[in-house]
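# what shape does this take:
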Amino acid sequence: MVRAHPAVPKKMKKEIKIKPSKELPSGFVDRQEKELLTRDFIISNIKEVMIKYGFQYLETPSFEYTDSIGKFLPDKERPDQGVFSFKDEKSWLSLRYDLTAPLARYVAKNYLEIPKPFKRYQLGTVWRNEKPGPGRFREFLQFDADYVGTKNLQADAELCVLISEILEKCGLTKEDYTVKISSREFTKELFGELKIQSDEQSAVTLRALDKIDRLGWEEVKKILGKGRKDKSGDFTKGADLNEEQIKMLEKRIKETKPSTSDILEIIKIFEAYNFTNYEYDPSIIRGLEYYTGPIFEVNLNFEVKNSKGKPIQFGSIGGGGRYDNLVSNFGNLDCPATGISIGIDRLVYALMQKKEFNIKSNKPVVICVFSKENIKDYIKILKKLREANISSEVYPGEGNLKKQMQYANKIGSPAVILYGEDEIKIGKPTLRDLKSGKESKTEIENLPNEIKKIL
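The predicted structure follows:
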């Protein structure tokens with residue numbers, strides 16, 4: 001009798017655990033200390049100028065109802081109209097893509113309580129679902145200053161003046177940047193001459209002209225015509241202007257003398273301020289569709305390089321303009337307004353290439369641990385240093401003296417304190433200057449004074 005072999009159980013398949021990616025999504029970056037300290041320096045200068053100019057500080061939430069912030073982004077070829085959104089119960093919410101649309105919502109909500117004009121400034125993160133590029137991110141810090149509730153063009157002129165003061169406080173010279181000005185009144189006249197009647201055709205034309213700085217005229221002409229395919233294969237639908245219309249548009253855009261009354265008035269106000277660092281440039285469009293009058297853009301005049309050291313077309317670091325109808329979207333409110341913005345992270349990216357910021361980074365003095373039995377002695381020294389406002393720490397890891405020294409050097413510590421058996425016996429720690437390598441023994445009471453000589 002032949003016995004059947006018992007069934008052999010199939011080998012259990014080993015479950016492969018997929019590890020999460022350590023890479024970031026495109027358009028998002030980790031920011032390290034040097035960049036963040038430079039950013040803090042810029043922000044401190046912004047706040048000084050804004051206080052001097054009499055602006056109030058305001059903060060609005062990161063999320064708004066999608067309908068409240070509207071769909072005014074220039075890059076409408078992207079999914080979700082260029083914003084990051086999700087549905088919460090019955091309503092769509094979006095991360096703010098700028099600070100102006102939330103300001104309009106805030107003003108409408110608090111219309112009776114706020115003074116008119118209302119002068120506010122804000123610093124906040126914004127998010128855009130757009131194509132990233134050098135110094136152009138999907139998440140970035142933005143600074144805004146706005147006048148709400150006035151048609152007075154002195155407000156528009158003063159925004160250009162205060163932006164210039166901020167840039168110069170941050171270390172730029174007048175040769176390093178130019179404030180370019182134009183007006184939506186000019187484009188209204190121009191579109192009338194071109195016989196552009198459709199809102200959609202006007203919007204596509206504006207978005208195309210806004211890309212002149214980045215793409216150049218030859219590529220923009222394609223968008224003004226039938227459309228353009230970029231290097232990645234993405235196709236941007238064109239404005240369907242004919243060849244004659246494109247030629248006329250190019251000629252008018254290259255004019256050098258202002259023709260609109262609002263720009264002529266702003267130039268007179270500039271003269272009163274003795275402000276000369278501006279240039280009339282009708283090719284300045286500003287892609288956001290809510291602008292109604294004067295518009296301005298801040299351009300850098302020096303070369304900016306990418307991470308590979310190659311020069312790039314960096315474009316503007318900020319701009320703004322008059323938006324007299326935005327607040328009225330929330331109701332029957334007559335509330336003209338004007339504002340200006342700076343992309344702080346773009347400015348940091350450029351400034352760090354322009355100059356070396358001697359921003360002091362306070363790295364801690366490291367108190368080395370010879371024995372855990374002596375922790376009270378180490379903490380006694382630590383308290384003495386911190387009372388003197390000296391950044392300091394007892395070595396927080398585990399390891400021998402060699403590892404502790406490696407740690408101190410790695411973090412850029414200015415000095416280490418050695419307090420082993422020999423030092424404890426005589427009550428004098430050894431202070432080692434990590435830059436010069438010099439050592440000295442000193443009383444605990446005198447340590448703060450000796451360390452300040454090194455810092």
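# when you work out contacts or count neighbours from here on, use the C-alpha atoms and nothing else.
Fine.
# secondary structure class of Ile342, three-state.
With DSSP: H, G, I helix; E, B strand; the rest coil as the basis, Ile342 sits in strand.
# that one is in contact with Glu297, isn't it?
No - if you go by Cα atoms under 8 Å, Ile342 and Glu297 don't touch, sitting 9.5 Å apart.
# so for these two, which residue has more residues nearby?
Shown here are Ile342 and Glu297; by other Cα atoms under 10 Å, Glu297 has more neighbours (26 against 21).
# what residues are bridge-paired with that one?
Beta-bridge partners for Glu297, by DSSP bridges, are Lys180, Gly319.
# so who does it touch?
179-181, 284, 286, 316-320 (Cα atoms under 8 Å, 6 or more residues apart in numbering).
# repeat the analysis, applying 6 Å as the threshold.
With contact set as Cα atoms under 6 Å, 6 or more residues apart in numbering, Glu297 has these partners: 179-180, 318-319.
# what do Ile342 and Glu297 both touch?
By Cα under 6 Å, 6+ apart, the residues touching both Ile342 and Glu297 are Gly318.
# could you point out the longest helix of the protein?
helix 33-52 (DSSP state H).
# so after that one, what's the next helix or strand?
Once the chain leaves helix 33-52, the next helix or strand it forms, by DSSP states H and E, is strand 56-57.
# hey, where'd the helices end up in the stretch 251-400 of the chain?
In the stretch 251-400 of the chain, the segments counted as helices under DSSP state H, counting those that start in this stretch are 261-273, 344-354, 375-387.
# now the stretch 1-150 of the chain
Under the criterion DSSP H, counting those that start in this stretch, the stretch 1-150 of the chain contains helices at 33-52, 66-69, 100-109.
# which parts of the shortest one are buried?
Translated: helix 66-69. 66, 69 (16 or more other Cα atoms under 10 Å).
# mind listing residues that contact that helix?
Contacts of helix 66-69 (Cα under 6 Å, 6+ apart): 92-94, 101.
# what of the first one?
Helix 33-52 is touched from outside by Ile166, with contacts defined as Cα under 6 Å, 6+ apart.
# buried residues in it?
Buried residues in helix 33-52 (16+ other Cα under 10 Å): 37-39, 41-43, 45-47, 49-50.
# convert the C-alpha atoms of stretch 324-337 to CSV, please.
Only the C-alpha atoms of stretch 324-337 are listed here, as CSV (Å, rounded to 0.1, in the frame of the first residue of the first chain):
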residue,chain,number,x,y,z
ASP,A,324,-10.7,98.6,-5.5
ASN,A,325,-13.4,95.9,-6.0
LEU,A,326,-12.2,92.9,-3.9
VAL,A,327,-13.8,93.8,-0.6
SER,A,328,-17.2,94.4,-2.4
ASN,A,329,-17.3,90.7,-3.4
PHE,A,330,-18.5,90.2,0.2
GLY,A,331,-21.4,92.6,0.0
ASN,A,332,-22.4,96.1,-0.9
LEU,A,333,-19.2,97.7,0.5
ASP,A,334,-17.4,100.6,-1.1
CYS,A,335,-13.8,99.8,0.0
PRO,A,336,-11.0,100.7,-2.4
ALA,A,337,-7.6,99.3,-1.5
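# re earlier: a markdown table for the helices of the stretch 251-400 of the chain, including mean neighbour count and distance to Asp199?
Formatted as a markdown table, the helices of the stretch 251-400 of the chain follow (neighbours: other Cα atoms under 10 Å; distance: least, Cα to Cα, whole Å):
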| stretch | mean neighbour count | distance to Asp199 |
| --- | --- | --- |
| helix 261-273 | 16 | 24 |
| helix 344-354 | 19 | 32 |
| helix 375-387 | 16 | 64 |
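# looking at those, which is closest to Gly420?
helix 375-387 (10.0 Å; Cα to Cα).
# can you give me the end-to-end span of stretch 104-115?
End-to-end distance of stretch 104-115 (Cα to Cα, to the nearest Å): 14 Å.
# and that stretch, what's buried?
Those would be 104-108, 111, for stretch 104-115 by 16+ other Cα under 10 Å.
# contacts for that stretch, please.
Val327.
# do that again at 8 Å, thanks
60, 68-69, 326-328, 330-331, 333.
# ranking the residues you listed by neighbours, who comes first?
Val327 (27 neighbours).
# and the residue nearest to that one when sequence neighbours are not counted, how close does it get to Leu249?
Nearest non-adjacent residue to Val327, counting by Cα to Cα, 6 or more residues apart in numbering: Ala104, 4.8 Å away. Distance of Ala104 to Leu249, computed by Cα to Cα: 33 Å.
# could you list the low-pLDDT ranges of the stretch 151-300 of the chain?
287-288 (pLDDT under 70).
# next up, the contacts around Asp210.
283-287.
# what do you get for Arg228?
By Cα under 8 Å, 6+ apart, the neighbours of Arg228 are 219, 222, 235-238.
# where does pLDDT dip in the stretch 351-455 of the chain?
Using pLDDT under 70, the stretch 351-455 of the chain drops low at 357-358.
# tell me which stretches of it form strands.
Secondary structure of the stretch 351-455 of the chain (DSSP state E, counting those that start in this stretch): strands located at 365-367, 392-394, 415-418, 430-433, 439-441.
# for the last one, packing partners?
Going back to what we said before, that points to strand 439-441. strand 430-433 (3 or more Cα pairs under 8 Å, 6 or more residues apart in numbering; DSSP states H and E).
# and the strand it packs on, how far out from the chain middle?
41 Å (Cα atoms, centre = their mean, to the nearest Å).
# need the contact partners of it.
414-419, 423, 438-442, 447, 451, 454.
# tell me the strands beside it, with direction?
In the sheet, strand 430-433 lines up with strand 415-418 (antiparallel), strand 439-441 (antiparallel) (DSSP bridges).
# deepest-packed of those strands, please.
Stretch with highest mean neighbour count among these: strand 415-418 (a mean of 25; mean count of other Cα atoms under 10 Å).
# now neighbour count and distance to Lys257 too, for the contacts of Glu297, in a markdown table please.
Compiled in a markdown table, those are given as follows (neighbours: other Cα atoms under 10 Å; distance: Cα to Cα, whole Å):
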| residue | neighbour count | distance to Lys257 |
| --- | --- | --- |
| Val179 | 22 | 16 |
| Lys180 | 21 | 13 |
| Gly318 | 23 | 23 |
| Gly319 | 24 | 21 |
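# what's around Val298, how many residues?
Count around Val298 with other Cα under 10 Å applied: 24.
# for it, which non-adjacent residue is closest in space?
Val298 sits nearest to Val179 (Cα to Cα, 6+ apart), 4.6 Å away.
# how close does that neighbour sit to Glu165?
In terms of Cα to Cα, Val179 sits 12 Å off from Glu165.
# try Lys452
34 Å.
# more neighbours, these two?
Higher neighbour count among Lys452 and Glu165: Glu165, with 16 against 10, using other Cα under 10 Å.
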